[in-house]
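Enquirer: below are the sequence and a predicted model for it; my questions follow.
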Amino acid sequence: MEIDKLNNTQDEEQILNLSLRPSSLGEFIGQKRVEEGLQIAIEAARKRKEPLEHILFSGPQGLGKTTLAHIIAHEMNASIITTSGPGIDRAGDLVGILTNLGEGDVLFIDEIHRLSKVVEEFLYSAMENFKIDFIIDKGPYARTIQFHLKQFTLIGATTRSGLLSAPLRARFGIYYHLDLYTPQELSLIVNRSAKLLEIEIEKDADLKIAKCSRGTPRIANRLLRRVRDYAQVKSDGKITEENVQKALEKEGIDMMGLDHMDRRVLDVIINQYKGGPVGIDALAASLNEEVDTIIDVVEPYLLKAGFINRTRKGREATDLAYQHIGSEQQSKQAELGF
């Protein structure tokens with residue numbers, strides 16, 4: 001029963017995220033350079049009556065890579081098939097997906113850097129020549145079957161572009177890196193989501209949520225829903241600055257947008273490693289966390305916000321980190337009466 005409840009909660013969150021996604025480039029907020037570049041590429045492809053070139057999106061989680069893939073398919077009036085790098089275990093799986101694609105269809109592969117080498121090599125000829133040579137049997141009985149594919153558009157998304165092989169990266173005609181959003185852009189997203197969810201929100205409350213969202217629309221929408229819950233239970237349902245403050249405190253998120261994990265990382269660097277530098281493996285071991293979790297989830301915002309520096313010797317805490325951790329410790333001591 002508990003597993004069923006958990007699955008239902010996750011399904012509800014996923015449905016809400018899908019309902020808040022923009023469906024066209026005109027509705028998409030932020031990433032202006034990316035939006036303008038895609039608009040030109042889409043218009044040009046339409047005029048030539050050709051599928052779009054293959055596209056690669058990179059950047060931290062939650063910035064809209066999947067959303068943009070769905071928007072591109074919508075703008076091109078094409079079907080979209082979504083999968084992920086770890087989800088394609090064997091070359092046969094990829095062949096099955098590619099041979100079922102129609103003319104102009106979009107294949108979206110999330111975390112494309114996690115494709116196996118064997119599967120990746122099959123992609124090369126599929127992307128360049130729209131055909132696949134598949135070898136069946138072994139030894140003297142081995143023979144090659146050639147599959148001719150319809151022209152399709154591959155959209156790859158990665159949080160670790162440095163792990164992409166050079167041959168795969170070179171086969172993408174369009175490449176965009178998505179950066180963290182500004183608080184002003186996120187406040188527009190919060191307002192749009194509030195309207196879709198029929199939530200009343202006061203002026204400046206949206207900006208307060210935006211400033212705590214780590215530059216990420218996905219987090220902004222999640223925080224909006226948590227503040228909505230708090231406002232409905234503890235207040236009259238209207239989101240005010242005071243409701244935002246109290247709701248985020250209960251979520252363990254401070255006014256700089258740092259959560260418990262962020263503060264743990266800063267605390268370990270400052271107090272255990274004297275401010276650094278400290279290697280990522282040693283940091284992960286001290287936190288009892290996976291290296292990928294720190295690199296993909298925690299580090300991008302801490303770097304962007306200026307809390308840590310990444311050097312050849314390792315990660316170092318900045319003056320801002322010392323100030324933030326120091327003020328937090330002082331406030332805890334004040335609460336305890338020291």
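Expert: Received the coordinates, thanks.

Enquirer: low-confidence ranges, the protein, go.
Expert: 1-18, 134, 136-139, 141-143, 327-338 (pLDDT under 70).

Enquirer: now the strands for it?
Expert: 55-58, 80-84, 106-110, 131-136, 143-148, 153-158, 174-177, 308-310, 315-317 (DSSP state E).

Enquirer: who are the packing partners of the second one?
Expert: For strand 80-84, the helices and strands in contact under the criterion 3 or more Cβ pairs under 8 Å, 6 or more residues apart in numbering; DSSP states H and E are helix 65-75, strand 106-110. Quick note: C-beta positions are derived from backbone N, CA and C, even for glycine.

Enquirer: can I get that strand as CSV, trimmed to CA atoms?
Expert: Output of strand 80-84 as CSV, limited to C-alpha atoms (Å, rounded to 0.1, in the frame of the first residue of the first chain):
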residue,chain,number,x,y,z
ILE,A,80,8.1,12.5,-30.7
ILE,A,81,9.5,9.3,-29.2
THR,A,82,11.3,9.8,-25.8
THR,A,83,13.9,7.5,-24.2
SER,A,84,17.1,7.8,-22.2
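
Enquirer: and residue 66, what does it touch?
Expert: 82, 108, 110, 157 (Cβ atoms under 8 Å, 6 or more residues apart in numbering).

Enquirer: likewise for residue 193?
Expert: Applying Cβ under 8 Å, 6+ apart to residue 193 gives the contacts 20, 220-221, 224.

Enquirer: among the contacts of residue 66, which one sits closest to residue 51?
Expert: Using Cβ to Cβ, residue 108 comes nearest to residue 51 of the contacts of residue 66, at 13.7 Å.

Enquirer: does that closest one touch residue 78 like I think?
Expert: No: if you go by Cβ atoms under 8 Å, residue 108 and residue 78 don't touch, sitting 11.1 Å apart.

Enquirer: between these two, who's got more neighbours?
Expert: residue 108 (24 against 18; other Cβ atoms under 10 Å).

Enquirer: any idea how far the more buried one lies from residue 59?
Expert: 15 Å (Cβ to Cβ, to the nearest Å).

Enquirer: thinking again about what came up before, closest to residue 100 out of the strands of the chain?
Expert: strand 80-84 (7.8 Å).

Enquirer: check contacts around the spatially most central residue of the chain.
Expert: Nearest to the geometric centre of the chain sits residue 61, at 2.0 Å (Cα atoms, centre = their mean). Contacts for residue 61 (Cβ under 8 Å, 6+ apart) come out as 159, 216, 218, 296-297.

Enquirer: in CSV, list those along with neighbour count and distance to residue 289.
Expert: Listed next are those as CSV, based on neighbours: other Cβ atoms under 10 Å; distance: Cβ to Cβ, whole Å:
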residue, neighbour count, distance to residue 289
159, 22, 16
216, 23, 19
218, 19, 20
296, 15, 11
297, 18, 9
